[in-house]
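1. here are the coordinates; sequence isn't available:
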């Protein structure tokens, strides 16, 4: 398994996920945000099909965001349709429902915490923890430490997160 390719797919997914969302939310640019969302979907589904551990992460991101109503624009809907359509055509990897549920709960914890915690506390640690979505990072790390995920998937997921943050910085600087 080539983890360099997988890390690149995670990085591309994280970057285009954030940049697409910022373009839509801030600039109200439906067209470019949708195109970037499609690039994100292709990178995400490629990682999903390439590695089962990645499949848990990307499918849980999709399901978790649906559950907390974060699919809130046409760019998200098109991205979701592209991701799901490719998976249904090529085939969804066989996954453990328990592991998938653990990952979905991690995503839900991050998304709810990201929205609620800054409004209910001034605690710097909690605000930092949920601003940078550490619940899922801890879930992926624990699954790797327990031998369920390969440790390189944790590294790839950190690449996703780093490039997600980088996209936000690039957007703010050049927009």
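-> On my side now, so go ahead. Values in this document were obtained by computation on a predicted structure and should not be read as measured data.

2. report the distance from the helix or strand of the chain with the lowest mean pLDDT to the chain centre.
-> When each helix and strand of the chain is scored by mean pLDDT, DSSP states H and E, helix 124-131 comes last, with a mean of 88. Taking Cα atoms, centre = their mean, to the nearest Å, one finds the center of helix 124-131 at 19 Å from the center of the full chain.

3. equivalent analysis for stretch 104-117, please.
-> So, by Cα atoms, centre = their mean, the centroid of stretch 104-117 is 12 Å from its chain's centroid.

4. so for the chain, the centremost residue is which one?
-> Nearest to the mean C-alpha position of the chain, by Cα atoms, centre = their mean, lies residue 61 at 5.1 Å.

5. buried residues in the host helix or strand of that residue?
-> Element membership of residue 61, judged by DSSP states H and E, is helix 52-67. Across helix 52-67, burial judged by 16 or more other Cβ atoms under 10 Å covers 52-65. Where C-beta positions appear, they are placed from N, C-alpha and C, glycine not excepted.

6. likewise for stretch 68-81?
-> Buried residues in stretch 68-81, defined by neighbour count with 16+ other Cβ under 10 Å: 68, 70, 73, 75-76, 78-80.
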